[in-house]
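>>> attaching a predicted model along with its sequence, questions to come.
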Amino acid sequence: MKIPFWEEYIRSLNGKSPARSLATFHSRYNLAAKFQGLKVNDMRNVTLEIYSAVTKLGLAYASLEQIERFMQIDNHPSIGAQDLADRARGLFKNKIPNIDKHMYLNEKLENRLTILFEDDNSSDVRALVEVLRHSLFHGAFTPTSWGMANKRESAELLEGLAQVTMRKAGAHFSNWYKSNYYAQQT
């Protein structure tokens, strides 16, 4: 998956380097896009798939955070994906996942997560993406604690969440590019 308009943006710089924060975004996005999974000895395949998928999700979210920081977007715009929202509600049986009780969730994030799981019409999966990423890198994520042990559909959900997160990051960049450079090129 490539960042839409990235090559055009680089050409528009006429040999100059991109802004440091955009170069960081590009690097994080590429890492997530090219990530093939983890290699770990003595771990069951499905468990490794889940860890790989949630790691890719974390990498994808890091690229989204970077482009939003660059664009000064701080309101956590939704990541709409009705199919993934429905799959998450089904996987977790319409209950908020068993999040480690020692992990602090601010009230806004907890409310957004509650809406996702209590409103069948909610398609905004961003709160789930944020909590999964936070749980992996700062909390106590394990497939078992999240109710994902031995479930291929868990890995598929996580991969889907990573893809929509990357599409959101790419869309942010495209919108920024179009409003700042594209008009000058045409």
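Happy to help now that I have it.

>>> where exactly do the helices run in this protein?
6-12, 20-34, 45-71, 82-91, 107-118, 126-138, 152-177, 183-185 (DSSP state H).

>>> same list, those helices, but as CSV with mean pLDDT, mean neighbour count and distance to P97 please.
Heads up, the C-betas are built off the backbone N, CA and C, glycines and all. As requested, those are arranged in CSV below (pLDDT from 0 to 100; neighbours: other CB atoms under 10 Å; distance: least, CB to CB, whole Å):
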stretch, mean pLDDT, mean neighbour count, distance to P97
helix 6-12, 94, 15, 34
helix 20-34, 97, 17, 22
helix 45-71, 95, 21, 12
helix 82-91, 95, 17, 8
helix 107-118, 91, 15, 9
helix 126-138, 92, 21, 8
helix 152-177, 96, 20, 10
helix 183-185, 61, 9, 44
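
>>> possible to save these as JSON lines with distance to W146?
Formatted as JSON lines, these follow (distance: least, CB to CB, whole Å):
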{"stretch": "helix 6-12", "distance to W146": "33"}
{"stretch": "helix 20-34", "distance to W146": "20"}
{"stretch": "helix 45-71", "distance to W146": "8"}
{"stretch": "helix 82-91", "distance to W146": "9"}
{"stretch": "helix 107-118", "distance to W146": "13"}
{"stretch": "helix 126-138", "distance to W146": "7"}
{"stretch": "helix 152-177", "distance to W146": "8"}
{"stretch": "helix 183-185", "distance to W146": "45"}
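
>>> of all these, which one is nearest T144?
Closest of the helices of the chain to T144 is helix 45-71, at 8.6 Å (criterion: CB to CB).

>>> looking just at contacts, which helices and strands does that closest one meet?
Judged by 3 or more CB pairs under 8 Å, 6 or more residues apart in numbering; DSSP states H and E, helix 45-71 is in contact with helix 20-34, helix 126-138, helix 152-177.

>>> and the nearest residue to A171 once chain neighbours are set aside, what does it touch?
Among residues not flanking A171 along the chain, P4 sits closest, at 7.6 Å (CB to CB, 6 or more residues apart in numbering). Each residue near P4 by CB atoms under 8 Å, 6 or more residues apart in numbering is listed here: 170-171, 173-174.

>>> ok, so what distance separates P4 from K34?
Going from P4 to K34 by CB to CB, to the nearest Å gives 17 Å.
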